[in-house]
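Q: Turn this into a structure:
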Amino acid sequence: MNSLNLWALILISCNIMVSGNTTNRNSQIMTTNDDKSAVRIQIYYSPLSTNAINLLRAHRDGQASGIYAMVNTAATAPTTVKYTLDVDFIPWGTATRTVVQNKFAYQCQNNDAECKGTRLHACIARGRISQYTNFNKYRMVMCTTAGTDWTTNPLANLETCATSTNQIDGDGPLLTTCAAEASVDGNGYLDETMGATIALNHDMTEPVVVINGVVNTAAVANLKNQVCLAIATANRPATECTGVVDPTPVKSKVNVQLYYTPFAQKSIDLIALNAEGNARGVYSLIKDQLAENAQVKYDINFEYIPWGRATKTRTTDDKVQYTCVEGDTDCKATRLHACIEKNHNTLLKAGQQFLMIVCTITEGTWKANPLDKVAFCANKINNVALDNTVLTTCAGKESTDGNAYLNEMFGATSQLNPLITEATDPVVLINGKRNAKALTDLRTEVCYALPPESRPDVCNLPAEPPVCTTPAPVPSSSTDANESTTAAGAAVYVNMFTVVSTIIMVIYNAM
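A: Model (predicted):
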């Protein structure tokens, strides 16, 4: 093989693995074209390990707490249910493959002599019997594992299982041959399951269960519950999913802080970006977040810090003096925004400060008379006619409350490093980091700060290019039984394992 073809294969392999490391970012609940909930389970395991055996036996026929009934109904009576349910078995776990005398040698754990149990399940799962449906494979894996002598003689019940489970002529002898140590087919299937396990890029504290592209640690102990949660509430089977309660979703939080001089033109322009209808602002994200019964998957905490380049000094008679720039006489505009941001007298509902400040800036009289549109904006935002004097009084030069709010803003701004200057005013921090791009396109930067699965449609970000050398994230442990961790290599619903393993072997042989 020449070097050009070799590099082409490497690039293809890289692209497949990157595709395999793509998860369903939008939701763990997936749907088919006919609005059924689509559930795909992948079980990565060492077939003779005690934990894997316990997991599989818990879901064979007759186990009320298992998923057999759901798998059976989805396969044999699909028109009676509103979900699809496929289970893929990836038998490899902690097995290894080495080279001995220029040949591949397979070593399986848990006393799986000659890897017979692992190879048998690989032959079943990877389709040695072409007539097997997904449900046939499920039943065969369950039946063979259920035998009392499974750990000592994995092939002991094979013929019985083949006869009683599938009624397909000749599948028993074919699988027996496939499971043999010297079987070319069987070892090819082992290569496939090895490739699939490597592509998962996960610590193989086996067994590992993946549901719709996400490693689900809770599923090992309670697979049925997690499968029910992966089915939309309206589509769940009433009997099997009785008592299943959807967990309260954890919203992805983004903190945005805007340090600014209220009368500075660049500050006005930035805040005006957030007016309704502007594609570069976050108005629609905040508005949707504030809606009653909001279904958003994010929580944007937007904080205004109006101070900018103002100063606080003491006069000769030892009185505090606030001096604001850009023509903000008596700091009325700065103090007003401070009063709004701190929700003086709790006039506004939670989060409405953002909308209120945008309104005051964009109504046309801001620099001429910053207090002119206070009542109008309060009524527009809150749909309540507020007493015009409450906020205007707070904005007054002698207002004790207003000056207390100014002190807060001064204190916050004084912690910026480097300090704000005319050249750098305004300053945007997203999750504590300065972001210059946000000055002209705040929405894009906020959207990038959200994990992909939490981004609303209005984000509409360009696809991030895959980087083959970047490892997929390794999930951390969690004390939350319902927490699911993003897993690479599970959300692509194509049978890529044969392709991957073939490419790897071609590359290896070409070296």
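
Q: where do the helices sit along the stretch 201-350 of the chain?
A: With DSSP state H, counting those that start in this stretch as the criterion, the stretch 201-350 of the chain has helices at 223-229, 265-272, 283-290, 332-341.

Q: How much space separates the closest residue to Lys266 other than its chain neighbours from Lys433?
A: Closest residue to Lys266 apart from its sequence neighbours, by C-beta to C-beta, 6 or more residues apart in numbering: Pro426 at 6.1 Å. For every residue, glycine as well, the C-beta is placed using N, CA and C. Separation of Pro426 from Lys433 (C-beta to C-beta, to the nearest Å): 15 Å.

Q: which of these two has more neighbours?
A: Shown here are Pro426 and Lys433; by other C-beta atoms under 10 Å, Pro426 has more neighbours (22 against 8).

Q: show me what contacts that one?
A: 258-261, 264, 266-267, 270, 308, 420, 439 (C-beta atoms under 8 Å, 6 or more residues apart in numbering).

Q: mind listing which of those residues are in strands?
A: Using DSSP state E, the subset of the contacts of Pro426 located in strands is 258-260.

Q: what would those residues look like in CSV with pLDDT?
A: Output for the ones in strands among the contacts of Pro426, formatted as CSV (pLDDT from 0 to 100):
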residue, pLDDT
Leu258, 95
Tyr259, 95
Tyr260, 97
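
Q: Please report how far Glu453 lies from Ser252.
A: 8 Å.

Q: Could you do Ser267 as well?
A: Per C-beta to C-beta, Ser267 is found 28 Å from Ser252.

Q: still on that earlier bit, and which of the ones in strands among the contacts of Pro426 is nearest Thr444?
A: Nearest to Thr444 among the ones in strands among the contacts of Pro426: Leu258, at 15.9 Å, using C-beta to C-beta.

Q: thinking the closest one is in contact with Ile268, fair?
A: No - between Leu258 and Ile268 there is no contact under C-beta atoms under 8 Å: 11.9 Å.

Q: Okay, buried residues for stretch 285-296 please.
A: Across stretch 285-296, burial judged by 16 or more other C-beta atoms under 10 Å covers 285-286, 289-290, 296.

Q: ah, wrong one, I meant stretch 263-283
A: For stretch 263-283, by 16+ other C-beta under 10 Å, it's 263-264, 267-268, 270-271, 273-274, 278, 281-283.

Q: if we can go back for a sec, now the buried residues of stretch 285-296 in JSON lines, with distance to Ala234?
A: Below are these laid out as JSON lines (distance: C-beta to C-beta, whole Å):
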{"residue": "Leu285", "distance to Ala234": "27"}
{"residue": "Ile286", "distance to Ala234": "30"}
{"residue": "Gln289", "distance to Ala234": "25"}
{"residue": "Leu290", "distance to Ala234": "27"}
{"residue": "Val296", "distance to Ala234": "20"}
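
Q: Quick one: neighbours of Thr242, just the number.
A: Neighbours of Thr242 (other C-beta under 10 Å): 9.

Q: Quick check: phi and psi on it?
A: phi -60, psi 130 (degrees, to the nearest 10).

Q: Could you report the separation of it from Asn222?
A: Applying C-beta to C-beta to Thr242 and Asn222 gives a distance of 14 Å.

Q: before we move on, the earlier item: may I see the contacts of Pro426 arranged in a markdown table, with distance to Gly327 as well?
A: Converted to a markdown table, these look like this (distance: C-beta to C-beta, whole Å):
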| residue | distance to Gly327 |
| --- | --- |
| Leu258 | 20 |
| Tyr259 | 19 |
| Tyr260 | 15 |
| Thr261 | 10 |
| Ala264 | 10 |
| Lys266 | 15 |
| Ser267 | 13 |
| Leu270 | 18 |
| Gly308 | 13 |
| Ile420 | 18 |
| Leu439 | 22 |
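
Q: Quick check: which ranges of the stretch 351-500 of the chain have low pLDDT?
A: 383-388, 462-500 (pLDDT under 70).

Q: again with the stretch 201-350 of the chain
A: Using pLDDT under 70, the stretch 201-350 of the chain drops low at 249.

Q: just the strands in it please.
A: Secondary structure of the stretch 201-350 of the chain (DSSP state E, counting those that start in this stretch): strands at 208-211, 214-216, 252-260, 298-306, 311-314, 320-323.

Q: I'd like these laid out as a markdown table, including distance to Tyr45.
A: Converted to a markdown table, these look like this (distance: least, C-beta to C-beta, whole Å):
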| stretch | distance to Tyr45 |
| --- | --- |
| strand 208-211 | 7 |
| strand 214-216 | 13 |
| strand 252-260 | 32 |
| strand 298-306 | 36 |
| strand 311-314 | 66 |
| strand 320-323 | 68 |
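
Q: how about those strands, which one is nearest Ser46?
A: It's strand 208-211; of those, that one is closest to Ser46 (C-beta to C-beta) at 10.6 Å.

Q: Backbone dihedrals for the residue nearest the centre of the chain, both of them.
A: In the chain, the residue lying closest to the centroid (C-alpha atoms, centre = their mean) is Glu453, at 4.4 Å. Reported as degrees, to the nearest 10, the phi and psi values for Glu453 are phi -70, psi -10.

Q: contact partners of stretch 218-236?
A: Contacts of stretch 218-236 (C-beta under 8 Å, 6+ apart): 28-31, 35-37, 39, 41, 51, 55, 58-59, 65-67, 70, 81-83, 85, 207-209, 211-212, 216, 237, 240-241, 244, 246-247, 481-484.

Q: just how off-centre is it within its chain?
A: Computed by C-alpha atoms, centre = their mean, to the nearest Å, the chain-centroid distance of stretch 218-236 equals 17 Å.

Q: One more: stretch 318-336?
A: That offset, for stretch 318-336, works out to 45 Å (C-alpha atoms, centre = their mean).

Q: Repeat that for stretch 360-369.
A: 41 Å.

Q: Please spell out which residues along that stretch are buried.
A: Buried residues in stretch 360-369 (16+ other C-beta under 10 Å): 360-362, 366.

Q: of all these, which comes closest to Thr316?
A: The shortest gap between Thr316 and any of the buried residues of stretch 360-369 belongs to Trp366, at 33.3 Å (C-beta to C-beta).

Q: Where does that closest one sit: helix, strand or coil?
A: Classification of Trp366 using DSSP: H, G, I helix; E, B strand; the rest coil returns coil.

Q: didn't it look like it was pressed against Val358?
A: No - applying C-beta under 8 Å, one finds Trp366 not in contact with Val358, separated by 10.9 Å.

Q: Which residue, neighbours along the chain excluded, lies closest to Val458?
A: Ser284 (5.3 Å).

Q: Against Cys447, how distant is that neighbour?
A: For Ser284, the distance to Cys447 - C-beta to C-beta - is 11 Å.

Q: what about those two, which has more around it?
A: Cys447 (21 against 17).

Q: Now do the same contact list for the more buried one.
A: 455, 459, 461 are the contacts of Cys447 under C-beta under 8 Å, 6+ apart.

Q: three-state assignment of it?
A: helix.

Q: Burial check on the residue lying closest to it once chain neighbours are set aside, number of neighbours?
A: Excluding its sequence neighbours, the residue lying closest to Cys447 (C-beta to C-beta, 6+ apart) is Cys459, at 3.6 Å. Using other C-beta under 10 Å, Cys459 has 16 other residues around it.

Q: Cys459 is in contact with Glu453, isn't it?
A: No - when contacts are counted by C-beta under 8 Å, Cys459 is not listed as touching Glu453 (11.6 Å).

Q: Gln101 - how many residues pack around it?
A: By other C-beta under 10 Å, neighbour count at Gln101 equals 5.

Q: shouldn't Met30 be in contact with Asn212?
A: Yes - applying C-beta under 8 Å as the test, Met30 and Asn212 come out as touching, 5.4 Å apart.

Q: ok so, going back, distance of the residue nearest to the centre of the chain from Thr346?
A: Counting by C-beta to C-beta - Glu453 and Thr346 are separated by 34 Å.

Q: circling back: could I get the helices of the stretch 201-350 of the chain in a markdown table, plus columns for distance to Thr145?
A: Shown next, in a markdown table, are the helices of the stretch 201-350 of the chain (distance: least, C-beta to C-beta, whole Å):
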| stretch | distance to Thr145 |
| --- | --- |
| helix 223-229 | 15 |
| helix 265-272 | 62 |
| helix 283-290 | 48 |
| helix 332-341 | 62 |
